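K.L.:
this one's structure only:
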């Protein structure tokens, strides 16, 4: 206690900074480097100027974890969706879902070893809430919006995810239908890896269709297919969930 009382304010702040940043090094973290067996950074960076690092001269932009990225506007997303629609027609939604699923799988391939080193806990032993928030915060920093996971019905095999400020909905505007197939694919990949079996995802409501936020259902393919049919027949999210509980 005397040592604590003798510490000045400046020393206390310095010590706090040391705990938050490990050795105080602010260089980009290479998750594959053996020196980074324990992550020397705090566990989340929500500000883009902290998460992204631009290399002087080359213009290359990387994340805190050394992942190279391309920063684009919503015009890129709009162009992607409309280009696929012009070529594939009604199949464009499934193509976007598959793009999201493959992207989600690649993200998980990088995430699993990183999060195990960061928390020094095996992936399948991590607290689910901590794991999910650690997974999503880089997406939030990249501009994918905020989310809220509802695991209250996980015992019934149903997982709900609410997304606020979807970049797809923002890019497309009011389409009158569920449009965030890209997100659905990403969530299917995420929870398939966590569950250790193949799961599917469908958007139950969408900001592009006038909802306050987007909502997604993750479950086995059979139940997701049923939910998709009910949605196409005009059933709302609450009705779909009520019917699914009875199956």
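P.N.:
Right, received. Where do you want to start? Everything numeric here is computed off the predicted structure, so don't read it as measured data.

K.L.:
neighbours around residue 157, how many?
P.N.:
Residues contacting residue 157 under the criterion other Cβ atoms under 10 Å number 15. In short, each C-beta sits where N, CA and C put it, glycine included.

K.L.:
wouldn't it be in contact with residue 221 here?
P.N.:
No: using Cβ atoms under 8 Å, residue 157 is not in contact with residue 221; the gap is 11.6 Å.

K.L.:
Now the residue nearest to the spatial centre of the chain. Nearest residue, chain neighbours left out?
P.N.:
Central residue of the chain (Cα atoms, centre = their mean): residue 136, 3.7 Å from the mean position. Nearest residue to residue 136 in three dimensions, chain neighbours excluded: residue 147, at 5.5 Å (Cβ to Cβ, 6 or more residues apart in numbering).

K.L.:
now residue 182
P.N.:
Using Cβ to Cβ, 6+ apart, the nearest residue to residue 182 is residue 100, at 4.2 Å.

K.L.:
which residues touch the residue nearest to residue 177 when sequence neighbours are not counted?
P.N.:
Nearest residue to residue 177 in three dimensions, chain neighbours excluded: residue 209, at 5.5 Å (Cβ to Cβ, 6+ apart). Taking Cβ atoms under 8 Å, 6 or more residues apart in numbering as the criterion, residue 209 is in contact with 174, 175, 176, 177, 178, 179.

K.L.:
So which of these is the closest to residue 243?
P.N.:
residue 178 (17.5 Å; Cβ to Cβ).

K.L.:
Over to that closest one: give its phi and psi.
P.N.:
phi -70, psi 130 (degrees, to the nearest 10).

K.L.:
With residue 157 as the reference, measure out to it.
P.N.:
21 Å (Cβ to Cβ, to the nearest Å).

K.L.:
can you check residue 54 too?
P.N.:
44 Å.

K.L.:
what do you get for residue 167?
P.N.:
29 Å.

K.L.:
Residue 186 too?
P.N.:
For residue 186, the distance to residue 157 - Cβ to Cβ - is 20 Å.

K.L.:
do residue 63 as well
P.N.:
Residue 63 is 34 Å from residue 157, by Cβ to Cβ.

K.L.:
cool, and residue 192?
P.N.:
13 Å.

K.L.:
count of residues packed around residue 148?
P.N.:
What residue 148 shows, counting by other Cβ under 10 Å, is a neighbour count of 12.

K.L.:
did I read that right, it in a strand?
P.N.:
Yes: residue state for residue 148 (DSSP: H, G, I helix; E, B strand; the rest coil) corresponds to a strand.

K.L.:
How about residue 75: what's its closest non-neighbour residue?
P.N.:
residue 171 (7.3 Å).

K.L.:
again but with residue 198, I slipped
P.N.:
residue 192 (5.4 Å).

K.L.:
about what we covered before: mind putting the contacts of residue 209 into a markdown table with distance to residue 111, pLDDT and neighbour count?
P.N.:
A markdown table is the format used below for the contacts of residue 209 (distance: Cβ to Cβ, whole Å; pLDDT from 0 to 100; neighbours: other Cβ atoms under 10 Å):
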| residue | distance to residue 111 | pLDDT | neighbour count |
| --- | --- | --- | --- |
| 174 | 34 | 95 | 12 |
| 175 | 31 | 94 | 15 |
| 176 | 35 | 93 | 9 |
| 177 | 31 | 93 | 13 |
| 178 | 26 | 95 | 24 |
| 179 | 26 | 96 | 24 |
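
K.L.:
Would you format these as JSON lines with distance to residue 129 and secondary structure included?
P.N.:
Converted to JSON lines, the contacts of residue 209 look like this (distance: Cβ to Cβ, whole Å; DSSP: H, G, I helix; E, B strand; the rest coil):
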{"residue": "174", "distance to residue 129": "34", "secondary structure": "coil"}
{"residue": "175", "distance to residue 129": "33", "secondary structure": "coil"}
{"residue": "176", "distance to residue 129": "35", "secondary structure": "coil"}
{"residue": "177", "distance to residue 129": "32", "secondary structure": "coil"}
{"residue": "178", "distance to residue 129": "27", "secondary structure": "coil"}
{"residue": "179", "distance to residue 129": "29", "secondary structure": "coil"}
